[in-house]
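Student: Give the three-dimensional model of this entry:
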Amino acid sequence: MDFELSEDLRILQQTSRDFALNELAPGAIERDEKREYPTEVMRKLGPLGFMGILVPEQYGGAGLSTLAYCVVMEEIARWDASVALNMVAQNSLCLGHLMVASNEEQKRKFVMPLARGEKFGAWGLTEPGSGSDAAAMRTTARLDGDEWVLNGSKMFITQGNVAETCVILAATGRGEKKNPISAFIVEARKDGEATRGYTTRKIVNKLGMRASDTAEISMEDVRIPRDHLLGAEGQGFTDVLKVLDTGRIGIGALAVGIARGALEDSVKYAKEREQFGKPIGQFQAIQWILADMATQIDGARLLVHRAAFMKDKGETVSREAAEAKLFASETAMRAGVNAIQVLGGYGYTSEFHVERYMRDAKLLEIGEGTSQIQRIVISKHLLRQF
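Tutor: Predicted structure coming up:
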């Protein structure tokens, strides 16, 4: 096995690192405090190919691998996890579902502007009353002539307020006992005008990821063309599971980036801060914290890269993606807490980055399947395997 990145990936890593250091690091604290979507920053990602990393070049994307996606995500998240989360919504979720289920005409119309970063996209699965229990979905879609009519609401949708294109999951059971789920492409805004019946509410008061956009979406008799059905009717949830595999790998890479930031800031501080006549990094208590952080981060990165490598080979990665997401997200949370402990009182203030790392990391244990859901996924695979 070769654990080294290829030359192309190292160049991509350096490009991502330079962008993050020059464009993201200087304003990260201010963006977090303002709690505003960083439109200007997000527009700069398009020309780099970072808004359509996994999309083939023929559809406007960068045509890169899942492993390349992880390399970019780690570097971006190291300085601003909110920007990285916005990228996940665009790359893994909205575009991820479109690439899994769209036909050629839909790819030409919807994928290309998203992949080039000309438009923002969102993905609507979670609802006010259903998160992990997707079968409890209340949003419905019914066919009325040549149009689908959507009614319902979605909650905690990343990029939901800024998205021009949103993939919406809705029940199309038509009175059946089961609750078949289908996916639909909804143009939230068209030619500058909001789609009738489609409204969003900005969720501002969040613990972390404050520079990401989070929305509640309401749909009241929203009419969309019949050909905006994404994939086969009733097969939406099957496609959702495929989308989530890639999404969880991306979240794992994002988590590694946060954790790495916490470690690097902790090491820097431990070498500079003096107590009892010497740098605190010379005390064993601090050294052990740093050693544990570094070991766990290396382990998380290996799990993420393994899942990405397997996906690039065309293998099924449900278990591997769940393991990567679970371990990396919990590693990021521990790293944030430990970084604050190393910095002490300074770490508790927003003048330093580490308190933000901890706040941002918490979402990763919840979004795209909680840690408890990941453990269920992993255990089911184990029980079938042995």
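Student: just the helices in the stretch 151-300 of the chain please.
Tutor: Under the criterion DSSP state H, counting those that start in this stretch, helices of the stretch 151-300 of the chain are mapped to 236-272, 284-312.
Student: Of all those, which one comes closest to V149?
Tutor: Across those, V149 has its closest neighbour in helix 236-272 (16.5 Å, Cβ to Cβ). Backbone N, C-alpha and C define where each C-beta goes, glycine included.
Student: could you give the angle of that closest one to helix 284-312?
Tutor: 150 degrees (axes from the mean of the first three to the mean of the last three Cα atoms, to 10 degrees).
Student: Buried residues, helix 236-272. List them.
Tutor: 236-237, 239-240, 242-263, 265-267, 269-270 (16 or more other Cβ atoms under 10 Å).
Student: Dump the helices of the stretch 151-300 of the chain to CSV, plus mean pLDDT and distance to R108.
Tutor: Formatted as CSV, the helices of the stretch 151-300 of the chain follow (pLDDT from 0 to 100; distance: least, Cβ to Cβ, whole Å):
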stretch, mean pLDDT, distance to R108
helix 236-272, 97, 19
helix 284-312, 98, 25
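Student: any chance of the ones you listed in CSV, with distance to K107 too?
Tutor: Below are the helices of the stretch 151-300 of the chain laid out as CSV (distance: least, Cβ to Cβ, whole Å):
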stretch, distance to K107
helix 236-272, 15
helix 284-312, 20
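Student: among these, which is nearest Y346?
Tutor: Closest among those, using Cβ to Cβ: helix 236-272, at 7.6 Å.
Student: now the residue nearest in space to the middle of the chain, nearest residue through space, not along the chain?
Tutor: Nearest residue to the geometric centre of the chain (Cα atoms, centre = their mean): V88, 3.3 Å. Of all residues not flanking V88 in the chain, G250 sits nearest, at 4.9 Å (Cβ to Cβ, 6 or more residues apart in numbering).
Student: From T295, how far out is the one you found?
Tutor: G250 sits at a distance of 23 Å from T295 (criterion: Cβ to Cβ, to the nearest Å).
Student: returning to that earlier point: quick one: contacts for the residue nearest to V88?
Tutor: By Cβ atoms under 8 Å, 6 or more residues apart in numbering, G250 lies in contact with Y69, C70, M73, V88, N91, S92.
Student: Sort out for me which of those residues are in helices.
Tutor: Y69, C70, M73, V88 (DSSP state H).
Student: right, and the second one touches I249 too?
Tutor: Yes - using Cβ atoms under 8 Å, C70 and I249 qualify as a contacting pair, with a distance of 6.6 Å.
Student: Give me the common contacts of those two.
Tutor: Joint contacts of C70 and I249 (Cβ under 8 Å, 6+ apart) are V304, A308.
Student: coming back round to it: of the contacts of G250, which is the nearest to S318?
Tutor: S92 (14.8 Å).
Student: mind checking pLDDT for that closest one?
Tutor: What the model reports for S92 is a pLDDT of 97.
Student: residues touching it, list them.
Tutor: By Cβ under 8 Å, 6+ apart, the neighbours of S92 are L54, V243, T246, G247, I249, G250, I251.
Student: what about the fifth one, distance to E30?
Tutor: Which is I249. From I249 to E30 the distance is 30 Å (Cβ to Cβ).
Student: so how far is the host helix or strand of L12 from its chain's centroid?
Tutor: According to DSSP states H and E, L12 maps onto helix 7-19. Centre-to-centre, helix 7-19 and its host chain are 20 Å apart (Cα atoms, centre = their mean, to the nearest Å).
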